[in-house]
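A.B. asks: Give me a model of this one.
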Amino acid sequence: MRNGKRTTVTAVVGERPSEDKLAQFGAGPDEDFSQPGDSDSEQAATQDLGLTVQALTPSIVRQLGLPATTRGVVIAAVDQESDAGAKGLRRGDVLISANNKPTTNEAELNAAVREVKQSGRSAILLQVLRRGQQPAFIPIRLRDK
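C.D. replies: So this is what the prediction gives:
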């Protein structure tokens with residue numbers, strides 16, 4: 001109804017883009033994530049885990065509704081073809097440890113990935129925090145090169 005009169009509306013329904021495609025468009029209105037750069041430290045996590053991460057700032061902590069004391073790196077994008085994507089990791093999840101070692105920045109995450117690769121293992125154990133949930137340990141297979 002419009003101004004008391006019936007109106008016919010034609011709507012076209014489309015297919016929702018994948019999470020990976022949506023992440024390429026940047027942050028939503030309630031997320032102020034800056035897009036990470038292409039530094040070497042970010043490349044290891046991106047290539048081996050299928051994740052793009054960035055430092056967890058106080059602003060992002062507030063937006064995610066997490067305690068101010070939360071430390072870690074926030075996931076900015078997930079390759080849905082990776083094991084991380086298959087296991088349900090998503091933009092806004094916070095990685096608080098990798099192989100039981102704190103990950104307060106990208107360099108610590110990538111050091112943990114390097115350690116796993118050097119030891120010959122094919123998976124890494126990530127501790128993931130999602131808004132409104134308790135932290136969970138999730139094993140993620142590294143990509144084959």
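
A.B. asks: so the spatially most central residue of the chain is in which element?
C.D. replies: Closest residue to the average C-alpha location of the chain: residue 75 at 2.4 Å, with CA atoms, centre = their mean. Using DSSP states H and E, residue 75 falls within strand 73-78.

A.B. asks: Next, give phi and psi for the closest residue in space to residue 68 that isn't next to it in sequence.
C.D. replies: With CB to CB, 6 or more residues apart in numbering as the criterion, residue 68 has its nearest non-adjacent residue at 6.2 Å, and that residue is residue 61. Placement of C-beta: from N, CA and C, glycine included. Residue 61 has phi and psi values of phi -60, psi -50 when expressed as degrees, to the nearest 10.

A.B. asks: hey, where'd the helices end up in this structure?
C.D. replies: For the chain, the helices defined by DSSP state H cover 19-24, 40-49, 58-64, 83-86, 106-118.

A.B. asks: And the ones you listed: which comes nearest residue 138?
C.D. replies: The closest of the helices of the chain to residue 138 is helix 83-86. By CB to CB, the value is 8.3 Å.

A.B. asks: List the buried residues for that closest one?
C.D. replies: Under the neighbour-count criterion of 16 or more other CB atoms under 10 Å, helix 83-86 has 83-85 buried.

A.B. asks: Repeat that for stretch 70-87.
C.D. replies: Residues of stretch 70-87 classed as buried: 70, 72-80, 82-85 (neighbour count, 16+ other CB under 10 Å).

A.B. asks: Alpha carbons only: can I get it in CSV?
C.D. replies: Taking C-alpha atoms only, stretch 70-87 is exported to CSV below (Å, rounded to 0.1, in the frame of the first residue of the first chain):
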residue,chain,number,x,y,z
THR,A,70,41.1,-9.2,24.3
ARG,A,71,44.3,-9.7,22.5
GLY,A,72,44.9,-11.4,19.1
VAL,A,73,44.5,-10.9,15.4
VAL,A,74,41.2,-10.4,13.7
ILE,A,75,40.3,-12.3,10.5
ALA,A,76,39.6,-9.8,7.7
ALA,A,77,38.9,-12.4,5.0
VAL,A,78,38.6,-16.2,4.6
ASP,A,79,39.3,-18.2,1.4
GLN,A,80,36.2,-20.4,1.4
GLU,A,81,38.2,-23.0,-0.6
SER,A,82,40.6,-23.4,2.4
ASP,A,83,40.3,-25.7,5.4
ALA,A,84,39.7,-22.6,7.5
GLY,A,85,36.7,-21.8,5.3
ALA,A,86,35.4,-25.4,5.5
LYS,A,87,35.7,-25.3,9.3
